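**Student:** generate a structure from the sequence data that follows.
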Amino acid sequence: MNESKSTLVNSSVSYPRAGAINLKGQNAMSQTILVVDDDPHIREIVEFSLAKAGFRVLLAEDGKAGLETFDRQQPDLVVLDVLMPEMDGTEVIKKLRETSQTPVIFLTSVDEEVDRIIGLEMGGDDYVTKPFSPRELIARIKAVLRRTQKTIMEEPQKVLTHGPLRIDQDRFKAFWDETEVALTVTEFRILQALLSYPGKVYNRDELMDRAYPDGAVVSDRTIDSHVKRIRRKFEEVGGTPIETVHGIGYRATEF
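**Tutor:** The predicted structure follows:
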């Protein structure tokens, strides 16, 4: 990274040292956030802000340490820098997605658009661009956690089936024939929308509303990246779940 540390977090608030945080009495910290970033200044500010918002915070200074901490602690969400020593963010999420669908929010620099797209295609759920405000990061973390909880709890004991494609909304699982395909929360919501009305063609705005029900602002390319990722996962088991309707959007494949 070429940015100075002072430009990476956009905040006029004066933060005390992370070690000075008094967590006594904060028994409501039921959700754990793992922050993986090689910049100690960012780690310090993010740790303080998240702890103040009621989260339990874990820190790692590089990708390798982040994976080790993740395996030991199993956090509820990961805040992951893209450019890091030892192992960068895209390598970390590739490893994570081999065994886990825990939500991931990327921290990226303004000029790292390619990295943001690649990160989303590899299974990221959202991103925050540096310089960022701690309030924005907290809002996005809460939004992703809400989506995760809603996806798991909504419409229990209901299975949507379309040809060989099936999603179990109670267990948050997707299948092609009898083979399970692991999806992130956002990917699951997109497929859930398409299977709710298999003949309907959804434009990107409609899929954004279903994939991001909390009103998060994302670009058309974000939806395209998620669709590309879904297709790649199903292609690995011989599946073709989504069709492109050129000039309009997407629909579930007609069988």
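
**Student:** in which helix or strand would I find residue 160?
**Tutor:** According to DSSP states H and E, residue 160 maps onto strand 159-162.

**Student:** which other helices and strands contact that strand?
**Tutor:** Secondary-structure packing of strand 159-162 (3 or more Cβ pairs under 8 Å, 6 or more residues apart in numbering; DSSP states H and E): strand 165-168, helix 185-196. From N, CA and C alone the C-beta is placed, and that goes for glycine too.

**Student:** list the contacts of the residue nearest the centre of the chain.
**Tutor:** Closest to where the C-alpha atoms of the chain average out (Cα atoms, centre = their mean) is residue 125, at 1.9 Å. Neighbouring residues of residue 125 by Cβ atoms under 8 Å, 6 or more residues apart in numbering: 103-105, 144, 147, 184-186.

**Student:** could you redo the last one with a cut-off of 7 Å?
**Tutor:** Going by Cβ atoms under 7 Å, 6 or more residues apart in numbering, residue 125 touches 103-105, 144, 184-186.

**Student:** most neighbours, which of the residues you listed?
**Tutor:** In terms of neighbour count, residue 186 stands highest of the contacts of residue 125 at 30 neighbours, by other Cβ atoms under 10 Å.

**Student:** that one reaches residue 213, doesn't it?
**Tutor:** No. Using Cβ atoms under 7 Å, residue 186 is not in contact with residue 213; the gap is 10.7 Å.

**Student:** just checking, which of the helices and strands packed on strand 159-162 sits deepest inside the structure?
**Tutor:** helix 185-196 (a mean of 23; mean count of other Cβ atoms under 10 Å).

**Student:** could the helices and strands packed on strand 159-162 go into a markdown table alongside distance to residue 250?
**Tutor:** Shown next, in a markdown table, are those (distance: least, Cβ to Cβ, whole Å):
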| stretch | distance to residue 250 |
| --- | --- |
| strand 165-168 | 14 |
| helix 185-196 | 7 |
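
**Student:** tell me how this protein divides into domains.
**Tutor:** 5-147, 154-252 (automatic domain parsing).

**Student:** quick one: the last one to chain centroid distance?
**Tutor:** Put plainly, it is domain 154-252. 15 Å (Cα atoms, centre = their mean, to the nearest Å).

**Student:** so for residue 48, which of the helices and strands packed on strand 159-162 sits nearest?
**Tutor:** helix 185-196 (27.0 Å; Cβ to Cβ).

**Student:** so for stretch 103-121, mean pLDDT?
**Tutor:** In this model, stretch 103-121 carries a mean pLDDT of 76.

**Student:** what do you get for stretch 71-89?
**Tutor:** Stretch 71-89 carries an average pLDDT of 90.

**Student:** so which bits of it are buried?
**Tutor:** 75-84, 87-89 (16 or more other Cβ atoms under 10 Å).

**Student:** next, the distance between the ends of it.
**Tutor:** 16 Å (Cα to Cα, to the nearest Å).

**Student:** cool, and stretch 93-106?
**Tutor:** Start-to-end span of stretch 93-106 (Cα to Cα) is 10 Å.

**Student:** so which residues make contact with that stretch?
**Tutor:** 67, 70, 75, 77-80, 82, 89, 116, 119, 122-128, 140-141, 144-145, 148, 182-185.

**Student:** and the helix or strand residue 50 falls within, what does it pack against?
**Tutor:** For residue 50, the element it lies in under DSSP H and E is helix 40-52. When contacts are defined as 3 or more Cβ pairs under 7 Å, 6 or more residues apart in numbering; DSSP states H and E, helix 40-52 sits against strand 32-36, strand 56-60, helix 134-153.

**Student:** next, the angle strand 32-36 makes with that helix.
**Tutor:** 170 degrees (axes from the mean of the first three to the mean of the last three Cα atoms, to 10 degrees).

**Student:** next, the angle from helix 40-52 to strand 56-60.
**Tutor:** 170 degrees.

**Student:** cheers, nothing more for now.
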